[in-house]
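Asks: generate a structure from the sequence data that follows.
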Amino acid sequence: MPTEAAAPDFHGLRVASFESRRAQDMVRMIERFRGVPAVSPSMRETPSDDPREAIDFANRLISGQIDVVILQTGVGTRQLVAQIERHVDKPRFLTALTDVTTIARGPKPVAALKELEIRPSFIAPEPNTWREVLQTVDLYVPVASLSVAVQEYGNPNVSLVAGLEARGARVVKVKVYSYELPEDTAPLEANIRAIAAGEIDVAMFTSAHQVTNVLRMARRLGLADELREGFRKTVVASIGPTTSEMLQEHELPVDLEPEHPKMGHLVSEAAAASGMLVAGKRGKSTPAGAAFPPLARLARDEPPPAWHDSPFMKACRREPCDRTPVWLMRQAGRYMAEYREVRSRTTFLELCKNPSLCAEVMITAVRRLGVDAAIIFSDLLPMLEPMGIELEFAHGEGPVIHNPVREAADVDRVLELESVDALDFVMETVRQTRAGLDEAIPLIGFAGAPFTLASYVIEGGASRSYLHAKTLMYRDEGAWHELMGRLARSVTRYLNAQIEAGAQAVQLFDSWVGCLGPDDYRRYVLPHTRSIIDGLSPGAPAINFATGNPALLPLLAEAGGAVIGVDWRIRLDDAWRTIGYDKAVQGNLDPLVLLADRDEIRRRAKEILQQAAGRPGHIFNLGHGVLQQTPVDNVIALVEAVHEFGPQTAS
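Replies: Alright, predicted model coming up:
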């Protein structure tokens, strides 16, 4: 949050914020930004009139019938204890609560438990939505056949309950309070009337339940349609994903979501961005000094950047396009004379750390091949160096790690990336590549997926059997998940930094995960891959790519990503059907086909295009990278064939 001296203001805009109770914290924060909004309480916490649900839960907990307790709010945790303490032995209840596994959905229930001198077993990470709760469950608490009590509030969290039940849990719902309309509804009514009349520029929501109550009050006032129309002309700022989902569920706009789901970030980022966003929505002139954050860039009603409607980005969004986009993994590499000339002047690791040379080799490749997207020139492994891994690219041997992780105790040597400052050479590569490309060509950033990185770290280099990696994975699951968690959080920060530096999309490479079967992937890998994709900055599509085992494709789709990368070991049509047509797909020519003659290359390309059947969302690529022995002219012929044939109907 900016310091008071540097705080931006709302540039005279009319701001309405919706809060619980008297919203004093919100008032103070907004006053710091020299705005004078109408702040209206939209809800109040109302304890349940019937404590029997809470009492029944307490008795079941004391008698050993509850295995896991999920506490979602601080208010609910306190009210739960207040409701049961007259009816059950409070010390026995607290002892039982200490003895079972507890998951706190963020800092507020943690604070409430601290008052009871209890430390939760696990804390769901930011942004503290039901997704992070399930992510925590997947990582640390297998709940199949367990009784899981969920402290609920307001409307039941259907997604959380369904997710737990899908994992085999028996869910016990414990509702101790609800969100009702405030006793004095006059300020809320005034704000609704003002929005409906087009008199509010910015509306801020800090809870999903506020959305429900605002619409409920609008219906009571007979202004439901007018309110919806007003919101179309108002910049709507949401504190985080859960609130955004509720707004979108009710077909209301979400124009801004802060970098972190905190009230201070919401107010400061709304103050910085709202002037420009309002100008876009209402056709006003931009207030002098108004800032504009990257995440809100496309919310304005002005022409988007040229790359936004490129064939590649349209395919990521599964939008129809008159040509199938094509780019190739390792499209700048040893098969190109231009690359070999640059490479002769430096070592590979030094090249990766030279942004100017990295940008040069990729821009040269894009221009020569005529592809529809660029990917930054880098490698999966340099990000491991600031994590305490001693990396060398030995001549003729490939990457070698001199201090591999072999035992559980070694995991503590792997440092989580709290900052990506040590990798700024990669961000500078992004910036220079983006600056040197045609504006219509999107730029893709990338990182290694946690399993592939962990395998390198444990094996010490390339492997065929993954002996050491699988030994640690099977022998010490706790150490495995600790390592994977550190890698996943580091990769998330690394990819978000690339997006911030100018990448339009990112790809996650899981080049080695094909050595696992589906059950092992679900247990040891999926939660960590999903945590990365869920943690990426909005607006930049993610390509989730793995090789070696088509049986993993449904699990890759479950892990997430706008696009699922497919290798050549399965037909594209079978792969897409397996993945689901709600995802775009990328692939999937065997790289060795590029060693064939041109007629065969064209035939194989057309065959894959026919398997895509003209369905929006196909990005043509190889099933892995271009091989060193590939003739450049064959690569150019492939790109030209894909562009010539375009989307095809099934043969």
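Asks: count of neighbours near the closest residue to Leu116 other than its chain neighbours?
Replies: Nearest residue to Leu116, sequence neighbours excluded (Cβ to Cβ, 6 or more residues apart in numbering): Leu94, at 5.9 Å. To be clear about C-beta, it is placed using only N, CA and C from the backbone, and glycine gets the same treatment. The local packing of Leu94 (other Cβ atoms under 10 Å) involves 16 other residues.
Asks: can you list the helices and strands that the helix or strand that Leu94 is a member of packs against?
Replies: Using DSSP states H and E, Leu94 falls within helix 90-99. Applying 3 or more Cβ pairs under 8 Å, 6 or more residues apart in numbering; DSSP states H and E, one finds that helix 90-99 makes contact with helix 52-62, helix 74-84.
Asks: now those helices as JSON lines including mean neighbour count?
Replies: Below are the helices and strands packed on helix 90-99 laid out as JSON lines (neighbours: other Cβ atoms under 10 Å):
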{"stretch": "helix 52-62", "mean neighbour count": "19"}
{"stretch": "helix 74-84", "mean neighbour count": "22"}
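Asks: those into TSV, with extra columns for mean pLDDT and distance to Asp510?
Replies: As requested, the helices and strands packed on helix 90-99 are arranged in TSV below (pLDDT from 0 to 100; distance: least, Cβ to Cβ, whole Å):
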stretch	mean pLDDT	distance to Asp510
helix 52-62	90	41
helix 74-84	84	38
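Asks: using TSV, lay out these together with distance to Leu472.
Replies: What follows is the helices and strands packed on helix 90-99, written out as TSV (distance: least, Cβ to Cβ, whole Å):
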stretch	distance to Leu472
helix 52-62	36
helix 74-84	37
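Asks: of these, which is nearest Asp201?
Replies: helix 74-84 (31.4 Å; Cβ to Cβ).
Asks: now do the closest one: which elements does it pack against?
Replies: Using 3+ Cβ pairs under 8 Å, 6+ apart: helix 74-84 touches strand 38-47, helix 52-62, helix 90-99, helix 107-115, strand 147-152, strand 177-180.
Asks: one more time with 7 Å
Replies: If you count contacts as 3 or more Cβ pairs under 7 Å, 6 or more residues apart in numbering; DSSP states H and E, helix 74-84 packs onto helix 52-62, helix 107-115, strand 147-152, strand 177-180.
Asks: ok, for Leu113, nearest residue in space, not its chain neighbours?
Replies: Pro120 (5.7 Å).
Asks: that neighbour in helix, strand or coil?
Replies: coil (DSSP: H, G, I helix; E, B strand; the rest coil).
Asks: that one reaches Val110, doesn't it?
Replies: Yes. With contact defined as Cβ atoms under 7 Å, Pro120 counts as touching Val110 (6.0 Å).
Asks: what touches both of those two?
Replies: Ala104 (Cβ atoms under 7 Å, 6 or more residues apart in numbering).
Asks: need the CA coordinates for the helix or strand containing Leu357. CSV is fine.
Replies: Element membership of Leu357, judged by DSSP H and E, is helix 355-369. Output of helix 355-369 as CSV, limited to C-alpha atoms (Å, rounded to 0.1, in the frame of the first residue of the first chain):
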residue,chain,number,x,y,z
PRO,A,355,19.2,-10.5,-22.3
SER,A,356,20.4,-8.8,-25.4
LEU,A,357,21.6,-12.0,-27.0
CYS,A,358,18.5,-13.9,-25.8
ALA,A,359,16.3,-11.4,-27.4
GLU,A,360,18.3,-11.3,-30.6
VAL,A,361,18.2,-15.1,-31.2
MET,A,362,14.4,-15.3,-30.6
ILE,A,363,13.5,-12.2,-32.6
THR,A,364,15.7,-13.6,-35.5
ALA,A,365,13.9,-16.9,-35.3
VAL,A,366,10.4,-15.4,-35.3
ARG,A,367,11.1,-13.3,-38.3
ARG,A,368,12.8,-16.0,-40.3
LEU,A,369,10.2,-18.7,-39.6
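Asks: any idea how far it is from the chain center?
Replies: 29 Å (Cα atoms, centre = their mean, to the nearest Å).
Asks: that one packs against which elements?
Replies: Taking 3+ Cβ pairs under 7 Å, 6+ apart as the contact cut, helix 355-369 packs with helix 337-343, helix 348-352, helix 424-436, helix 632-645.
Asks: that one vs helix 424-436, what angle?
Replies: Relative orientation of helix 355-369 versus helix 424-436 (axes from the mean of the first three to the mean of the last three Cα atoms, to 10 degrees): 40 degrees.
Asks: got the buried residues for helix 355-369?
Replies: 355, 357-366, 368-369 (16 or more other Cβ atoms under 10 Å).
Asks: also stretch 552-567?
Replies: Those would be 552-553, 555-557, 559-567, for stretch 552-567 by 16+ other Cβ under 10 Å.
Asks: re earlier: gap between the residue nearest to Leu113 and Val414?
Replies: 25 Å (Cβ to Cβ, to the nearest Å).
Asks: cool, and Ala218?
Replies: From Ala218 over to Val414 (counting by Cβ to Cβ), the distance is 52 Å.
Asks: one more: Leu516?
Replies: Applying Cβ to Cβ to Leu516 and Val414 gives a distance of 21 Å.
Asks: okay, these two: which has more neighbours?
Replies: Between Leu516 and Val414, counted using other Cβ under 10 Å, Leu516 has the larger neighbour count: 25 against 20.
Asks: once you drop chain neighbours, what's closest to the more buried one?
Replies: Nearest one to Leu516, counting by Cβ to Cβ, 6+ apart, is Val525 at 6.7 Å.
Asks: list the contacts for the one you found?
Replies: Counted by Cβ under 7 Å, 6+ apart, Val525 has contacts 451, 513, 516.
Asks: partner strands of the helix or strand just after the helix holding Leu357, with direction?
Replies: Per DSSP H and E, the first helix or strand lying C-terminal to helix 355-369 is strand 374-375. Note on strand 374-375: by DSSP bridges, its sheet partners are strand 443-448 (parallel).
Asks: tell me the contacts of the residue nearest the centre of the chain?
Replies: With distances taken as Cα atoms, centre = their mean, Asp534 lies nearest the centre of the chain, 2.6 Å away. Asp534 is in contact with 131, 560, counting by Cβ under 7 Å, 6+ apart.
Asks: apply 6 Å and report the result again.
Replies: Taking Cβ atoms under 6 Å, 6 or more residues apart in numbering as the contact definition, Asp534 lies against Arg131.
Asks: please apply the same query to Thr136.
Replies: Contacts of Thr136 (Cβ under 6 Å, 6+ apart): 103, 122, 124.
Asks: and if we set it to 8 Å?
Replies: Going by Cβ atoms under 8 Å, 6 or more residues apart in numbering, Thr136 touches 103, 122-125.
Asks: any idea of the mean pLDDT in the helix or strand harbouring it?
Replies: Using DSSP H and E, Thr136 sits within helix 130-140. Per-residue pLDDT over helix 130-140 has a mean of 85.
Asks: and the angle from it to strand 147-152?
Replies: 160 degrees.
Asks: shift numbering so it begins at 419
Replies: Yes, from this point I'll number from 419; that puts the last item at helix 548-558.
Asks: show me what contacts the residue nearest to Leu534?
Replies: Leu512 neighbours (Cβ under 8 Å, 6+ apart): 534-536.
Asks: do you know how far it is from Glu535?
Replies: 8 Å.
Asks: check Val1060 too.
Replies: Relative to Glu535, Val1060 is positioned 65 Å away (Cβ to Cβ).
Asks: with neighbour numbers in mind, choose between those two.
Replies: Higher neighbour count among Val1060 and Glu535: Val1060, with 24 against 8, using other Cβ under 10 Å.
Asks: quick one: residues contacting the residue nearest to that one when sequence neighbours are not counted.
Replies: Leaving aside its chain neighbours, Val1060 sits nearest to Val744 (4.3 Å; criterion: Cβ to Cβ, 6+ apart). Contacts for Val744 were tallied using Cβ under 8 Å, 6+ apart; they are 789-790, 1037-1039, 1056-1057, 1060-1061.
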